[in-house]
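J.: The sequence isn't on hand, but the structure is:
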C-alpha cells in the first residue's frame, strides 16, 4: 500500500516535471542569424545612447527575440541578451546565407507601406474638430481608410465616422497628392439650450483631396480637405466642409 | 550469312556507344535532345573550362520564424485630477501607446473623474451647481510623446532597467458639466521598463480647455498626476 503510494507520488512528480520542463521542440521558436561583419555590438537598451556591453564575434549565431522600433533584442549562444541596431542587423545573414531583410522606416517605406495611422486637428462645418485615422494599403497607391472624429461647436457637438478609399497619385514624391472617396455617419448632438434638441444620426458621403509630405523616419504630415454630403430627412441635403491638418506615421 | 549478321550487329553496337555515354543524362536530366553534339562539345571545351557535374540536390524550404514586433503598450492608470474650481479627486483611465521610433511614441488616453464641490457650494449648504451626472469629468486625447531623457535605472547591484523621461502633448476633448470642450494637453512623465513586457509610468499632465460654466468664458487648467502600469505587445 505504502509502496504504491510512493510510486503514485513519484509518477505525479515526473508528470509535473515534464509539464514545467523547458520545451525541447524540433521547430525553432526564434529566428537564428549569423554575424558576417567582424563583430556585432550589443547595447544595454533600445536606443543610440545606451552603452555597448558585449560584442558577438563573426560567424557566431544569435537568436532574435523581438523587435522594438528600430532595435532588435537578441540572445547569443552563451545566453547573453542585448539590443542590436537596425543598421547592424542588416549585415547579418540567415542559416542559408541569404541576407536578413526586414522593413525599414525610411523614404522607401513612405513610398510603399501597408499600414498608416495619424491624428488631425481641424474644422468641420465651422466647428473645431479632433480626429484620428488608420489606413491599410493594397499597393503603394490604393488603400482603404477609416476615420473617427469629434467636432465641438458653438451650437452643436458631433461624432463622425468615415470609411473610404484613398488613391495616392505619385507615392514616390516627397509631397504626394491624393484623393479620397467614401461613406460615413454623423451623429449630431445639438446644444441643450436650443429648442427641439434631440440627437440624430445621418448617413453621409464624402469626397476629398489632400497631400502628404514626408518628414523623416516613419513620419509624415497630412493635409486634407473633404466635402461631406449629409443625407437628411428634410427636403434639402446638407453640405459641410472639413479642413484638417495632421501628423501621421507608417509601419 | 552469319558473319554478315555479326558485322552488322558490331557496327550497330559501335554506333550506339557514344549514345551510351549520355545514358545517365537520359534518366537523370531527361533532355537527351538538348545534349550537345560531339563537335559542339569540343568547341565548348576549347572555349570554356570543362563542365562540372551538375549537383543533383533538392533544396529544402526552410521555414524562417517571424520576428515579433513589440511596439504597442496598453495599460491602466490611477491618480488624482484637480478640476479647476471643483477640487481634487481620484481619477482612473486607460492608456494605449505605439512606439514609432526610439524617440517618439503616439499615445491615446481615456480617463474619468468626479468633480467635488466649489467653495460657493460648500459655503451655501443647499446650493447645487451641477447634477450628479454633470459632475462626471470624462476626457480622451491623442498625444505625441518624445523620449527626452532616455537612460537606465538601477535597483541595487544586480538590476538595470531601461527608463525614459518623456514629454507629452496633444489634443482631445473633455466632457464636463453637460458640455464637451476641445482640449489641449501637455505634460511629462517618467517610464521604467523592468522587463521586456512591463512598464511603469509616473506622469503629470495639464488639460486645458475653455469653460463658460461660471458665467464668463475662461481658460481652465486641470492638472492630473497618475501612476500607470502598461504591458507591451
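T.: Yep, it's here. Small disclaimer: the values here were computed from a predicted structure and weren't measured.

J.: which parts of chain B sit against chain A?
T.: Proximity of chain B to chain A, by Cβ under 8 Å from any Cβ of the partner chain, involves residues B:62-71, B:98-102, B:104, B:106, B:108, B:142, B:144, B:147, B:150-152, B:160, B:162, B:170-173, B:178-182, B:196, B:232. No exception for glycine: its C-beta is placed from N, CA and C like everyone else's.

J.: Report pLDDT for the residue nearest to residue A:126 when sequence neighbours are not counted.
T.: When the adjacent residues along the chain are set aside, residue A:126 lies closest to residue A:153, with 6.5 Å between them (Cβ to Cβ, 6 or more residues apart in numbering or on different chains). Residue A:153 is assigned 88 on the pLDDT scale.

J.: Which part of chain B gets nearest to chain A, residue-wise?
T.: Chain A sits closest to residue B:162 of chain B, with a gap of 4.0 Å, by Cβ to the nearest Cβ.

J.: Tell me the bridge partners for that residue.
T.: Beta bridges link residue B:162 to residue B:152, residue B:193, judged by DSSP bridges.

J.: Please list all residues in contact with it.
T.: A:44, A:45, A:46, A:47, A:50, B:150, B:151, B:152, B:153, B:192, B:193 (Cβ atoms under 8 Å, 6 or more residues apart in numbering or on different chains).

J.: please redo it, this time with the cut-off set to 6 Å
T.: A:45, B:152, B:193 (Cβ atoms under 6 Å, 6 or more residues apart in numbering or on different chains).

J.: ok, now residue B:101?
T.: Taking Cβ under 6 Å, 6+ apart as the test, what residue B:101 contacts is A:69, A:217.

J.: and the residue nearest to residue A:102 when sequence neighbours are not counted, how many neighbours?
T.: Once flanking residues are discounted, residue A:102 sits nearest to residue B:67: 6.8 Å by Cβ to Cβ, 6+ apart. Look at residue B:67: counted by other Cβ atoms under 10 Å in any protein chain shown, it has 18 neighbours.

J.: Could you tell me the per-residue confidence at residue B:67?
T.: Residue B:67 carries a pLDDT score of 89 in this model.

J.: Kindly report the same for residue A:236.
T.: 83.

J.: Shouldn't it be within a strand?
T.: No - going by DSSP: H, G, I helix; E, B strand; the rest coil, the assignment for residue A:236 is coil, not a strand.

J.: now it: how far from residue A:230?
T.: Remark: distance between residue A:236 and residue A:230 (Cβ to Cβ, to the nearest Å) = 10 Å.

J.: pLDDT weak spots in the chain?
T.: Went with chain A since none was named. A:1-28, A:192-197 (pLDDT under 70).

J.: let's do chain B instead
T.: B:1-5, B:12-49, B:62.

J.: That one: helices as residue ranges?
T.: Taking DSSP state H as the test, the helices found in chain B are B:2-20, B:23-29, B:38-47, B:119-123.

J.: From the chain's centroid, how far away is the shortest one?
T.: What it means is helix B:119-123. Mean-position distance between helix B:119-123 and its chain equals 49 Å (Cα atoms, centre = their mean, to the nearest Å).

J.: Tell me what the spatially closest residue to residue B:208 that is not a sequence neighbour is bridged to.
T.: Using Cβ to Cβ, 6+ apart and skipping residues adjacent in sequence, the residue nearest residue B:208 is residue B:184, 5.1 Å away. Taking DSSP bridges as the rule, residue B:184 bridges to residue B:171, residue B:208.

J.: Check the burial of residue B:184 by counting its neighbours.
T.: Neighbours of residue B:184 using other Cβ under 10 Å come to 17.

J.: Would you mind stating the distance between it and residue B:125?
T.: For residue B:184, the distance to residue B:125 - Cβ to Cβ - is 36 Å.

J.: Residue A:78 too?
T.: When residue A:78 is compared with residue B:125 (using Cβ to Cβ), they lie 73 Å apart.

J.: Quick check on the residue positioned nearest the centre of chain B: phi, psi?
T.: Residue closest to the average C-alpha location in chain B (Cα atoms, centre = their mean): residue B:71, at 3.4 Å. With angles defined as degrees, to the nearest 10, residue B:71 sits at phi -110, psi -10.

J.: Residue B:138 against residue B:175, yeah?
T.: Yes - contact criterion Cβ atoms under 6 Å: residue B:138 and residue B:175 qualify, at 4.6 Å.

J.: Looking at these two, which one has more neighbours?
T.: Of the pair residue B:138 and residue B:175, residue B:175 is the one with more neighbours under other Cβ under 10 Å, namely 18 against 15.

J.: show me the contacts for that one.
T.: Contacts of residue B:175 by Cβ under 6 Å, 6+ apart are residue B:138.

J.: Tell me what it is bridged to.
T.: The partner list for residue B:175 in beta bridges (DSSP bridges) reads residue B:138, residue B:180.

J.: what's the distance between the nearest residue to residue B:146 once chain neighbours are set aside and residue A:178?
T.: Nearest residue to residue B:146, sequence neighbours excluded (Cβ to Cβ, 6+ apart): residue B:167, at 4.9 Å. Residue B:167 sits 31 Å away from residue A:178, going by Cβ to Cβ.
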